[in-house]
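Undergrad: Predicted model, plus sequence, below.
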Amino acid sequence: MIWFSADLHLDHKNIIQYCNRPFSNTKEMDDTIYDNFQVIKPGDTLHLLGDLSFNERVAADFFDMFKDVNIIFIKGNHDSRKLQRITREKNIPLYTLYDTKIDEQPITLCHYAMRVWHKSHFNSWQLYGHSHATLPPQGKQYDVGVDNNNFKPVSWTQIKQIMDKAPNNLNYIGE
């Protein structure tokens, strides 16, 4: 199965207040996120669109917990050089921007929402995080961050259902 998520901010106390997350402390928040991520099974693919954790030990532990999952990591603004070193050590691909195709559907993955992206004029999709559910999508975009998805990863099946209902991209040129 294929999954998407962003902005876990594990072990980040201030994110609870900043994003009005419904947790009393980081342990409660982290435990909820870890519990919700147990739907991801060995052999699955997780596209993680940045801001995993400021704490490099916590980040390393996350990667170890999901060591049998194919993780593709798209760097966020809170992902330090130390975290980037950890991705190299654990052979996790690291990108700033990642263009891919899933089931022949072109998708651009980036920590940030974009106005236009590769093939957006042909209604390609763009998945993002960073905005913590405060930025509505435009066209075939979706915020895969945990704040927008009840602290759960989003499946490929869910993304397809969301995009089926989404309007055309602003720069769509038609068939």
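TA: Structure's in. What do you need?

Undergrad: Would you mind giving the secondary structure of the closest residue to Ile16 other than its chain neighbours?
TA: Closest residue to Ile16 apart from its sequence neighbours, by Cβ to Cβ, 6 or more residues apart in numbering: Phe23 at 5.4 Å. In short, each C-beta sits where N, CA and C put it, glycine included. Secondary structure, DSSP: H, G, I helix; E, B strand; the rest coil: Phe23 is coil.

Undergrad: Hmm, Phe23 is touching Gln17, no?
TA: No: if you go by Cβ atoms under 8 Å, Phe23 and Gln17 don't touch, sitting 10.1 Å apart.

Undergrad: between these two, which one's more packed in?
TA: Between Phe23 and Gln17, counting by other Cβ atoms under 10 Å, Phe23 is the more crowded of the two (16 against 8).

Undergrad: Strands of this protein, start to end?
TA: In the chain, the strands defined using DSSP state E lie at 2-5, 45-48, 70-74, 94-95, 97-102, 105-110, 125-128, 141-143, 154-155.

Undergrad: gap between the first one and the chain center?
TA: Between the centre of strand 2-5 and the centre of its chain there are 7 Å (Cα atoms, centre = their mean, to the nearest Å).

Undergrad: Now that strand - C-alpha only, PDB.
TA: What follows is strand 2-5, C-alpha atoms only, in PDB (Å, rounded to 0.1, in the frame of the first residue of the first chain):
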ATOM      1  CA  ILE A   2       1.100   3.600  -0.600                       C
ATOM      2  CA  TRP A   3       0.800   6.300   2.100                       C
ATOM      3  CA  PHE A   4       1.400  10.000   2.500                       C
ATOM      4  CA  SER A   5       2.000  12.300   5.500                       C
END
